[in-house]
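**Student:** Here is my input, please return the structure:
(chains A, B and C)
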Amino acid sequence: MVRRLISYIAVMWLAVTINFMIPRLTPGNPIQTILNRFMTYGVTQGNQEIVEEYMRRFGLEGDVFTQYISYLRELLSGRLGMSITNFPAPVEDLIMRSLPWTMFLLSITTLVSWIAGNLLGAIVGWSRSSKTTAIIGPVAWILSQIPYYIMALILIFVFAYSVRAFPLGGAMSTGMTPRLSWESICDLLWHAALPILSILIGSIGWWVVSMRAMISNVLGEDYIMMAKAKGLKSSYIMTGYALKNALLPQVTGLALSLGNILSGAILAEVVFAYPGLGWLLWSSVTGLDYPMIQGILLLIIFSVCTATLFIDLIYPLVDPRIRYERK
Amino acid sequence: MKVASTQSTVKNLVSKLPRNLKFWAGTIMFLGTCIISIAYLSFVPPDRIIRPGLAPPSRPPSSSHLLGTDSLGRDVLAQLPLSALNSLQVGLIVALIGTVIGAIIGFSAGYYGGIVDLVLRGATDTFITIPMLPILITIASFMRVVHIWMTALILAIPSWAWPARQIRAQVLSLKEREFIYMSRLSGMSSTEIIFKDLMPHMLQYMGANFVFAIIWAILAEAGISMLGLGPQHTMTIGMMIYWANSYVALVRGLWWWIFSPILLLIWIITSLYLTHTGLDEIINPRLREQGG
Amino acid sequence: MSAEYFLSIQNLSVYYATSTVPVRAVEGVTLSAKKNEILGIVGESGCGKSTLAIATFRLIQPPGYIKAGKVVFDNVDILKLSEEEFRKTRWDRVSLIPQSSMNALNPVMRIERQIEDAIRAHRRGISKTEMKKRVEELLASVGLEPRVSKMYPHELSGGMKQRVIIAMAIALSPDLIIADEPTTALDVVVQKGILQLLQDIKQNLESTIILITHDMAAQSEIADRLAVMYAGKIAEIGEINAMFKNPLHPYTQALQSAVPSIVEKKTLKGLSGLPPDLRNPPAGCNFHPRCPYYMRGKCDVDEPKLMEIKKGRFAACHLQGD
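**Tutor:** Take a look at the predicted model:
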């Protein structure tokens, strides 16, 4: 447990340091580019003081070590620097504006796909009917292989372009803001439908396939035969014996797949111009807004690590075998 | 006499080949695509394919252009073999680097244990849990990527992690097996043990890892390129999608331009996945479903 | 069969389908158990004894299938019952102590709950306190402390797990208990304890126990009657002491002379050859390739039928009878 926390902190520290080093290591000195850009953004005089001020603001004065320390200090107080394209807006503010959209997408899709996918996978794995297995099995497999952004493109084409049932992108219609009104919520959901679907389809496919394999494994175990021998009802064996055992690795699987789902969601957001972190990342990449890119990256690493840590900590509560090994 | 013996040798070899349907289906699909692409490119030089203006732009599929043309007046169908091979190039380089380095790291971690294992495992786990795509996006954005080899190098950075983990697990389980004890008891040196006992098993897993790495690399390349961080001067599958997007193909109704690379991507990925699953089943007979 | 036999397996055949010819795991086995006896089934690994046990329980999974035969239990052919009807019979009247008890317990369920499951599936209206008491009584009867009930399987030793399985098996006081290799993975001291336990159960619950094991020593300790199986068929059945003194089938003879004794000094004699490939068993008597009394022209042509040679003693050999 302590080891886990230590490795968590170690990974975070590693990530922060790498984040710090990337712009300073890559050829072409992006920092100079930043400064040059600022020169062009209306600062026509270019006197030394302004340059120094920028250097200070971006933590670029002093040698590498001093910069590192000040970078860490800024981080701990929650400051991620300032965006270039939206100067002088601080990075953390812009991130905070985009974060809810991504959280919205991810939380719905992760939860629904994990629950629905596992259930469907269990049913398929348990079912003797070869027809269901023959159809759902390969279909789920194919769907799980299609990257989310590809699915996004397909969905846009079919539902937004050909059939105009859904909007082509964005989180809300122009001019509307999220409010607690029926109209606003409907608009929100209408826009979120395709993005959610593009992530959901692939994820559910993935969970169906893995759960089915897991259930097949479990069903071959001796304790299932024993349960049948005991004359327990089929439905009870499925829920109490098979499912419980099969779900445990799926929880670990969830932790491992978080990074993946996030990556996929980022690309999907870009396709839909959905104003979450993914789209923010993309626009900062196109705009070469380095502080923003770094800030988003840091946040992503932080959230994935924390979520993984969280699941790791919860797991013993669920799996009695691990629980007792600690004692 | 001689003819008979060649025949029987071939028969012998063929009977030793794995009989897995998925493996063969996937491999044939994949190799078929490669061969067709290479054949096509030997007739039509890449310059001709990507030079703009050789055909009327933005035309839907017709008899002269089976998959239509893009906004720059280039035949879409012709771009496919080129993109496929370029993406595959990236895939192969990344997979090669990743599998070899991953095997070395995984092997060292598993075989030597102790501190070596602790350090290497920490690094491996970090690279696996942290989502690599955003990191790759960051790195790629800081460099101006123009050529394929740069893309390949960037993608190679996290590619070793998953193979390392797999190989390490394998080495750990093999290390304790009886046949290794036997080898030690009979006085084989460490190097001999590594090469004669462990290597054959390792190679099987490395093979499966290699295929998986290709899949990952191709998908990652497509993802990165789609965002505009791909090799600007080379036509890959991802770049095709990128160009199509830049010219807002979808909204303008040029569906053939954006869906051709997508379908090509799905085709290649599916074939490689089939090969990979087949390989997995061959290596681990327990995975084979009853009835084959 | 007369009324004293209350489990009667008649001509049971269980095959396993392969891509070519099916494996004949159990071929035409006819066997009966009396009330309140311990019937041993002995034979080398792979002779079909476990398959027989599982088949009686209707737990054969594909690619295995029951080719033919009846299993008559208390005048009902249980093979013909519907799945639901048989489910009710399972455990209530017949219980199983499976071969790999190590893995027969659900890893994520407490012991108490697993025993409860078995009881609740067949009895209604038992209060929580009553159930808790029952479980603890059961555990005590197999020599386990009450605290075991709150534990998880991985916390128990092999011997303890085996006892838990036995406790589960006797939970509903069944008339018939089939014990498949209950002592194999355990050390000798624990083995003795388990065998003693089985004997106590026979006495106290008046159940019939079918003890399946390749361990002749264990059989000789507690079995009343013994059935010898070879390559899917029954070679000999009879009262155990009489069988040891005077084996009727050459295979029984061979088994007996291969068991070491600490009382007398005797040369151990093994049997040459290997058990036959059950996809393609030998013609006639399936033991004839290894039989020291092999009669050419007879043993490799006609299959010997299991016949009653003396009172209560059956053998399938051309040397006896015809």
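**Student:** buried set for stretch C:125-132?
**Tutor:** Across stretch C:125-132, burial judged by 16 or more other CB atoms under 10 Å in any protein chain shown covers C:M131. Yep, even glycine has a C-beta here, placed from its N, CA and C like the rest.
**Student:** starting at the chain centroid, how far to that stretch?
**Tutor:** Put simply, stretch C:125-132 sits 33 Å off its chain's centre (CA atoms, centre = their mean, to the nearest Å).
**Student:** and that stretch, anywhere near chain A?
**Tutor:** No - judged by CB under 8 Å from any CB of the partner chain, stretch C:125-132 and chain A are separated, with a smallest distance of 15.4 Å.
**Student:** Identify the residue nearest the geometric centre of chain B.
**Tutor:** B:I214 (1.1 Å; CA atoms, centre = their mean).
**Student:** hang on, it packs against B:G91?
**Tutor:** Yes - shown here, B:I214 and B:G91 form a contact pair, counting by CB atoms under 8 Å, at 4.2 Å.
**Student:** Scan the chain for its longest helix.
**Tutor:** Went with chain A since none was named. Ranked by residue count, the top helix of chain A under DSSP state H comes out as helix A:182-219.
**Student:** please go with chain B instead
**Tutor:** Per DSSP H, chain B has its longest helix at helix B:76-112.
**Student:** List the buried residues in the helix or strand following that helix.
**Tutor:** Note on helix B:76-112: by DSSP states H and E, the next helix or strand toward the C-terminus is helix B:114-129. Residues of helix B:114-129 classed as buried: B:117, B:120-121, B:123-129 (neighbour count, 16+ other CB under 10 Å).
**Student:** cool, stretch A:3-15 as well?
**Tutor:** Neighbour-count burial for stretch A:3-15 [16+ other CB under 10 Å]: A:7-8, A:11-12, A:15.
**Student:** do the same with stretch B:20-31
**Tutor:** Using 16+ other CB under 10 Å as the test for burial, stretch B:20-31 gives B:20, B:22-23, B:26-27, B:29-30.
**Student:** Just to be sure, which of these are found in strands?
**Tutor:** Using DSSP state E, no member of the buried residues of stretch B:20-31 sits in strands.
**Student:** For chain C, give me the ranges with low pLDDT.
**Tutor:** Along chain C, segments meeting pLDDT under 70 span C:1-5, C:261, C:321-322.
**Student:** An error on my part: the question was meant for the stretch 201-327 of chain A.
**Tutor:** A:323-327.
**Student:** Would you mind listing what in it touches chain B?
**Tutor:** Counting by CB under 8 Å from any CB, the residues of the stretch 201-327 of chain A close to chain B are A:255-256, A:258-260, A:262-263, A:266-267, A:270, A:281-282, A:285-286, A:288, A:290, A:293-294, A:296-297, A:300-301, A:304-305, A:308.
**Student:** just the helices in the stretch 201-327 of chain A please.
**Tutor:** A:222-229, A:234-236, A:244-272, A:277-286, A:290-318, A:320-326 (DSSP state H, counting those that start in this stretch).
**Student:** and the angle from the third one to helix A:182-219?
**Tutor:** Looking back up the chat, that one is helix A:244-272. 140 degrees (axes from the mean of the first three to the mean of the last three CA atoms, to 10 degrees).
**Student:** For the stretch 51-200 of chain A, which residues are neighbours of chain B?
**Tutor:** Residues of the stretch 51-200 of chain A lying near chain B (CB under 8 Å from any CB): A:142, A:145-147, A:149-150, A:153-154, A:156-157, A:161, A:168.
**Student:** and the stretch 51-200 of chain C, which residues reach chain B?
**Tutor:** Contact residues, the stretch 51-200 of chain C versus chain B (CB under 8 Å from any CB): C:62-63.
**Student:** What sits closest to the residue of the stretch 51-200 of chain C at minimum distance from chain B if chain neighbours are left out?
**Tutor:** Of all residues in the stretch 51-200 of chain C, C:P63 sits closest to chain B, at 6.6 Å by CB to the nearest CB. With sequence-adjacent residues excluded and distances taken as CB to CB, 6 or more residues apart in numbering or on different chains, C:P63 is closest to C:A17, at 4.1 Å.
**Student:** re earlier: out of the buried residues of stretch A:3-15, who's nearest chain C?
**Tutor:** Set against chain C, the nearest of those by CB to the nearest CB is A:S7 (25.8 Å).
**Student:** Once you drop chain neighbours, what's closest to the closest one?
**Tutor:** Nearest non-adjacent residue to A:S7, counting by CB to CB, 6+ apart: B:G122, 6.5 Å away.
**Student:** Which helix or which strand is home to the residue nearest to the centre of chain B?
**Tutor:** Counting by DSSP H and E, B:I214 is found in helix B:199-224.
**Student:** Check which helices and strands that helix sits against.
**Tutor:** helix B:76-112, helix B:132-142, helix B:148-159, helix B:161-175, helix B:237-246, helix B:255-283 (3 or more CB pairs under 8 Å, 6 or more residues apart in numbering or on different chains; DSSP states H and E).
**Student:** Just the angle for that helix relative to helix B:255-283, thanks.
**Tutor:** Using the same axes, to 10 degrees: helix B:199-224 against helix B:255-283 is 160 degrees.
**Student:** buried ones in helix B:199-224?
**Tutor:** B:201-202, B:204-224.
**Student:** Dig out what the spatially most central residue of chain C forms beta bridges with.
**Tutor:** Closest residue to the average C-alpha location of chain C: C:I212 at 3.2 Å, with CA atoms, centre = their mean. Bridge pairing for C:I212 (DSSP bridges) gives the partners C:I41, C:D180.
**Student:** And the residue lying closest to B:V94 once chain neighbours are set aside, how far from chain C?
**Tutor:** Of all residues not flanking B:V94 in the chain, B:A217 sits nearest, at 3.7 Å (CB to CB, 6+ apart). Separation of B:A217 from chain C (CB to the nearest CB, to the nearest Å) stands at 38 Å.
**Student:** Find the nearest non-adjacent residue to C:E206, please.
**Tutor:** Nearest non-adjacent residue to C:E206 (CB to CB, 6+ apart): C:N36, at 5.0 Å.
**Student:** The one you found against C:K202, yeah?
**Tutor:** Yes - with contact defined as CB under 8 Å, C:N36 counts as touching C:K202 (6.7 Å).
**Student:** Mutual contacts of these two, please.
**Tutor:** C:T208 (CB atoms under 8 Å, 6 or more residues apart in numbering or on different chains).
**Student:** Can you name the residue of the stretch 1-150 of chain B nearest chain C?
**Tutor:** For the stretch 1-150 of chain B, CB to the nearest CB, closest residue to chain C: B:R19, 10.8 Å.
**Student:** Endpoints of stretch A:168-177, how far apart?
**Tutor:** 18 Å (CA to CA, to the nearest Å).
**Student:** can you give me the mean pLDDT across it?
**Tutor:** Regarding stretch A:168-177, the rounded mean pLDDT is 73.
**Student:** ok, now which ones touch the closest residue to C:S13 other than its chain neighbours?
**Tutor:** The shortest distance from C:S13 to any non-neighbouring residue, by CB to CB, 6+ apart, is to C:K67 (4.1 Å). Contact analysis of C:K67 by CB under 8 Å, 6+ apart lists C:13-15.
**Student:** strands paired with the helix or strand where C:K67 lies, and their directions?
**Tutor:** When elements are assigned from DSSP H and E, C:K67 belongs to strand C:64-73. Applying DSSP bridges, strand C:64-73 is found paired with strand C:5-16 (antiparallel), strand C:76-77 (antiparallel).
**Student:** Show me which residues of the stretch 201-327 of chain A sit near chain C.
**Tutor:** A:221-223, A:225-233, A:236, A:240-241, A:244-245, A:248, A:319-321, A:324.
**Student:** Now restrict those to buried residues only.
**Tutor:** A:221-223, A:225-232, A:240-241, A:244-245, A:248, A:319-320.
**Student:** so A:N118 makes contact with A:M211?
**Tutor:** Yes - contact criterion CB under 8 Å: A:N118 and A:M211 qualify, at 4.6 Å.
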